[in-house]
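[1] show me the folded form of this:
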Amino acid sequence: MKFKQPLRAVSLLLGTASFNAHAALISSIGAGDVGLVYSSVSNVTWTQDANLLGTMIGNQGYNTVVNAIIAASPVITDTPNLYDGNDGSYNISAADFSNSSLGRTNWFGGLAFANYLSSISYGGSDQ
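    Below is the predicted model:
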């Protein structure tokens, strides 16, 4: 079999290369005791709670959370499209959020929620 030597060389090379990758996920607590996860590879931080909106609605109440989001970001401006009247402006309303602790929202509600988190410096960040 002629392929054994090249196959071993490729296996060795790939095996050695995998030892050089040092990905680290670091769990931390942000401002206000919120759980955050940081990836040193991507330089990205995200919340440990994958359903943060749902948790906030469950803890604070739907009206409190949704009204705060709408107050912080009443209009989403984006590239004009079919869903925002072709002018690039979308007015956020309670209809953009599901009335449950499931944390469901449409695209525009998700953008408004992200803006809201920035406005309250969630986890110590306003970006």
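[2] which secondary structure state does the residue lying closest to W107 once chain neighbours are set aside sit in?
    Spatially, and ignoring its direct neighbours in sequence, W107 is nearest to Y83 (7.8 Å; CB to CB, 6 or more residues apart in numbering). C-beta here means a position set from N, CA and C on the backbone, and glycine is covered the same way. At Y83 the chain is in helix, as set by DSSP: H, G, I helix; E, B strand; the rest coil.
[3] burial count for Y83?
    Y83 sits with 11 neighbouring residues when counted by other CB atoms under 10 Å.
[4] just the helices in the protein please.
    4-18, 52-60, 62-72, 107-119 (DSSP state H).
[5] pull up the per-residue confidence for the nearest residue to G109 once chain neighbours are set aside.
    Leaving aside its sequence neighbours, G109 sits nearest to D96 (CB to CB, 6+ apart; 3.4 Å). According to the prediction, D96 has pLDDT 95.
[6] nice, that's everything, thank you.
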